[in-house]
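A.B. asks: here is the input, now give the coordinates:
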Amino acid sequence: MASFTLHGIPVSRGISIGRAHKLTPAALDVKHYLVPEEQVEAEVRRLQDAIAEVHRDLQELWTDLPKDAPTELGAFIDVHALILSDPMISEAPLDIIRSRHYNAEWALVTQIDELSRQFDEIEDEYLRERKHDIQQVAERVLKVLLGTALSVPPVFAGEDQAPPQMIVVAHDISPADMLAFRDRDGGPRSFIGFVTDVGGQNSHTAIVARSLDIPAAVGMSQASRLIEQDDWVIIDGDAGVVICNPSQLVLEQYRARQNALIKARKRLLKLKKTPAVTKDGTAITLLANIELPDDCPAALEAGANGVGLFRSEFLFMGRGAQGLQIPGEDEQFEQYRKAVLAMKGRPVTIRTLDVGADKPLDPTEHTALNPALGLRAIRYCLAEPQLFLTQLRAILRASAFGPVRILIPMLAHAFEIDQTLNLLEQAKARLREDKLKFDEGIEVGAMIEIPAAALALPMFVKRMDFLSIGTNDLIQYTLAIDRVDYEVAHLYNPLHPAVLQLIANTIATGHKAGLDVAVCGEMAGDVKLTRLLLGMGLREFSMHPAQILSVKQEILNCDLNAITSRTRRILRSVEPGEIAAAVEQLQAL
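C.D. replies: Okay, the predicted model is just below:
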């Protein structure tokens, strides 16, 4: 078998070596035939039964989510359940069966193809990402109709009786389907990596891969066509490279690298209680990003100094499958208090509701032409003041049980800041009336994630207590790139000179005003960028708990005196090649 290499987008670090397990799109196996008039209603019921079965499967997935499963999975499963209930999936194919006498599979594929064409014609980047969600839902229904539900082989050919080391290869794979490759108790199974034709750095599957700490490469284009079942596959998650049927020499080289990585991870565990201090004695604060209070133990286990970003929207999302309403004040308060108590006196920064764009409360409603630029985050909260006041009261009440800070997302205008602070005062006043305790001096910070905010910092430092740079959205909006659209994902570049200037200026301006400044986006957890951010003056990083020890190790080996002048030179450069080379050279200092 010939060896070949594919290049895609790296989304989750590490190396995996195993046999390919291909997931063939069910649509390729669909037969096209006409149903006799007398059998039409029976065919309609067959599709309805398949849809109902997928509903039950999704509900069971939700109920049986492993304790260690990423919290995002609940939201993604709920998105699929809502799409499945939408008339475009649940009713339109039935009309096609009745009017054209198509068999159920053909009718469903016809409807999905038509929807996909409509999405492509609209050319809206956000809606194109939703197209993949719809196609994933249709895949589940087709597999039930065809009797080819997702299965995991017990042993690969020629592997004796050892547990298979399985790398999933697919055109696309939904986050929910990833659960099929895990044991029922939530422990890791034979699934050790995945390769997909589509996807971007911040697509749903990429987010789940990083949360599960599984090497992955996406955006490989032709991978599912070129890789055959049982082929030997190497995933180099750091480089976004997939090697199929490697030579014995290459296989041995990657196994050696894999073993070195395993040993390095074991050494990292010894750093848990070591303070994050540079060689020249500068203390650095390392914080954790969490979605739910249950993530706090992992943050403490990694040695986090606190929570730098509690994404409160995950308390609101993923509830449709359980028939629950938006959480009220008491329910939110209990969750916030649980996180505060779990962190044992360490500060907890709670970001207020950040919904819209790729995190809609109701994924079936898309009224804006470009949701990423529409009513989202603080704009949504200010348009729903009662909902916002409820959340502010809940956060304030939790502040009576430990140090809490409030972080406001997507601010761009002075009036948004003023309205937010006025609503906070209203929430405080009502708590005083109700004689409920809270921290009167609670700090309020702004997320700097819109270029306008980064360019108008004086109005922020005048009103706010701290700043947190959301690099994911800052890069997206600065470069006019939808970060979840794989067709433009290659343009998403944290080292673009405009992005670096905005970050560096925000850090410098905030510190000059005496404000703490953190980075809470993906850049904070990227060890290749740790020294660059330190050289810019950053002293507070917030990241996924799994990334903390690697970043800490980089900090411990860093001499600020050696990298600061180099960083200034990087910031003066406008040539991408020069910047990338200079950042790589920082690693050697």
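A.B. asks: all strands of the stretch 51-200 of the chain, in order?
C.D. replies: 166-170, 191-196 (DSSP state E, counting those that start in this stretch).
A.B. asks: helices or strands up against the shortest one?
C.D. replies: Think strand 166-170. strand 15-23, strand 191-196, helix 223-226, strand 232-236 (3 or more Cβ pairs under 8 Å, 6 or more residues apart in numbering; DSSP states H and E). The way it works is simple: take the backbone N, C-alpha and C, and place the C-beta from them, glycine included.
A.B. asks: name the helices or strands packed onto the shortest one?
C.D. replies: Going back to what we said before, that points to helix 223-226. Using 3+ Cβ pairs under 8 Å, 6+ apart as the test, helix 223-226 ends up in contact with strand 4-7, strand 166-170, strand 191-196.
A.B. asks: chain center to that helix: distance?
C.D. replies: 25 Å (Cα atoms, centre = their mean, to the nearest Å).
A.B. asks: residues of that helix that come out buried?
C.D. replies: By 16 or more other Cβ atoms under 10 Å, the buried positions in helix 223-226 come out as A223, S224.
A.B. asks: how about the first one?
C.D. replies: Within strand 15-23, the residues scored as buried using 16+ other Cβ under 10 Å are I15, S16, I17, G18, R19, A20, H21, K22, L23.
A.B. asks: I'd assumed I192 was in contact with the fourth one.
C.D. replies: So the one you mean is G18. Yes - counting by Cβ atoms under 8 Å, I192 is a contact partner of G18 at 5.4 Å.
A.B. asks: which residues do those two both contact?
C.D. replies: Q165, M166, I167 (Cβ atoms under 8 Å, 6 or more residues apart in numbering).
A.B. asks: bridged to the second one, which residues?
C.D. replies: I take that to be M166. Beta-bridge partners recorded for M166 (DSSP bridges): R19, F191.
A.B. asks: show the pLDDT at it.
C.D. replies: On pLDDT, M166 comes in at 84.
A.B. asks: repeat for the one 10 residues further on
C.D. replies: Confidence per residue is given as pLDDT, and for A176 that number is 63.
A.B. asks: same list (the shared contacts of G18 and I192) but as JSON lines, adding neighbour count and distance to Q111.
C.D. replies: Listed next are the shared contacts of G18 and I192 as JSON lines, based on neighbours: other Cβ atoms under 10 Å; distance: Cβ to Cβ, whole Å:
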{"residue": "Q165", "neighbour count": "17", "distance to Q111": "38"}
{"residue": "M166", "neighbour count": "22", "distance to Q111": "33"}
{"residue": "I167", "neighbour count": "29", "distance to Q111": "32"}
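A.B. asks: out of the strands of the stretch 51-200 of the chain, flag the one nearest Q332.
C.D. replies: Among the strands of the stretch 51-200 of the chain, strand 191-196 comes nearest to Q332, with 34.8 Å by Cβ to Cβ.
A.B. asks: count of neighbours near F4?
C.D. replies: A count of nearby residues for F4, using other Cβ atoms under 10 Å, gives 12.
A.B. asks: before we move on, the earlier item: which one of the shared contacts of G18 and I192 is nearest to L146?
C.D. replies: M166 (22.0 Å).
A.B. asks: from I507, how far off is the closest one?
C.D. replies: Computed as Cβ to Cβ, to the nearest Å, the M166 to I507 distance reads 44 Å.
A.B. asks: now do I442
C.D. replies: 24 Å.
A.B. asks: ok, so of the buried residues of strand 15-23, who is nearest R337?
C.D. replies: Nearest to R337 among the buried residues of strand 15-23, counting by Cβ to Cβ, is S16 at 39.9 Å.
A.B. asks: contact partners for the residue nearest to that closest one when sequence neighbours are not counted?
C.D. replies: Nearest non-adjacent residue to S16, counting by Cβ to Cβ, 6 or more residues apart in numbering: G193, 3.4 Å away. G193 makes contact with S16, G18, I167, V168, I214, P215, A216, V233, I235, G237, according to Cβ under 8 Å, 6+ apart.
A.B. asks: TSV for those residues, including distance to N259?
C.D. replies: Below are the contacts of G193 laid out as TSV (distance: Cβ to Cβ, whole Å):
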residue	distance to N259
S16	13
G18	15
I167	18
V168	23
I214	18
P215	14
A216	20
V233	18
I235	16
G237	16
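A.B. asks: just the element for I406, please.
C.D. replies: Using DSSP states H and E, I406 sits in strand 404-408.
A.B. asks: what does that strand contact?
C.D. replies: Here strand 404-408 has contacts from 309, 336, 340, 347-352, 378, 392, 395, 398, 417, 420, 424, 439, 442-447, 465-466, 468, using Cβ under 8 Å, 6+ apart.
A.B. asks: is it true that E228 touches A20?
C.D. replies: Yes - in terms of Cβ under 8 Å, E228 counts as a neighbour of A20; the distance is 6.9 Å.
A.B. asks: average pLDDT across stretch 509-516?
C.D. replies: Here the average pLDDT along stretch 509-516 is 97.
A.B. asks: rewinding a little: dump the strands of the stretch 51-200 of the chain into TSV; add distance to F314 as well.
C.D. replies: Formatted as TSV, the strands of the stretch 51-200 of the chain follow (distance: least, Cβ to Cβ, whole Å):
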stretch	distance to F314
strand 166-170	26
strand 191-196	23
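A.B. asks: out of those strands, nearest to A223?
C.D. replies: strand 191-196 (5.0 Å).
A.B. asks: CA atoms only for the closest one, dumped as CSV, please.
C.D. replies: Output in CSV follows, covering the C-alpha atoms of strand 191-196 (Å, rounded to 0.1, in the frame of the first residue of the first chain):
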residue,chain,number,x,y,z
PHE,A,191,-11.1,5.9,19.9
ILE,A,192,-7.8,7.7,20.0
GLY,A,193,-8.2,10.4,17.3
PHE,A,194,-10.2,11.6,14.3
VAL,A,195,-9.8,13.0,10.9
THR,A,196,-12.5,14.9,8.9
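A.B. asks: any idea how far that strand is from the chain center?
C.D. replies: Distance, centroid of strand 191-196 to centroid of chain: 17 Å (Cα atoms, centre = their mean).
A.B. asks: orientation of it relative to strand 232-236 in degrees?
C.D. replies: Interaxial angle, strand 191-196 versus strand 232-236 (axes from the mean of the first three to the mean of the last three Cα atoms, to 10 degrees): 80 degrees.
A.B. asks: what angle sits between strand 191-196 and strand 166-170?
C.D. replies: Going by the same axes, to 10 degrees, strand 191-196 makes 20 degrees with strand 166-170.
A.B. asks: what residues sit buried inside strand 191-196?
C.D. replies: So, applying 16+ other Cβ under 10 Å, buried residues of strand 191-196: F191, I192, G193, F194, V195, T196.
A.B. asks: please enumerate the strands of the stretch 251-400 of the chain.
C.D. replies: Using DSSP E, counting those that start in this stretch, strands in the stretch 251-400 of the chain cover 285-290, 307-311, 348-351.
A.B. asks: H32 contacts A104, correct?
C.D. replies: No - taking contacts as Cβ under 8 Å, H32 lies outside contact range of A104: 11.4 Å.
A.B. asks: more neighbours: which of those two?
C.D. replies: A104 (27 against 10).
A.B. asks: right, and that one touches D49 too?
C.D. replies: No - at 9.5 Å, A104 does not count as touching D49 under the criterion of Cβ under 8 Å.
A.B. asks: just for the stretch 101-250 of the chain, where's the confidence low?
C.D. replies: 119-130, 148-164, 175-190, 201-205, 207, 211 (pLDDT under 70).
A.B. asks: quick one: the helices in it, in order.
C.D. replies: 104-122, 125-146, 175-178, 204-212, 223-226, 248-268 (DSSP state H, counting those that start in this stretch).
A.B. asks: possible to save these as a markdown table with distance to L457?
C.D. replies: Output for the helices of the stretch 101-250 of the chain, formatted as a markdown table (distance: least, Cβ to Cβ, whole Å):
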| stretch | distance to L457 |
| --- | --- |
| helix 104-122 | 36 |
| helix 125-146 | 28 |
| helix 175-178 | 37 |
| helix 204-212 | 29 |
| helix 223-226 | 44 |
| helix 248-268 | 36 |
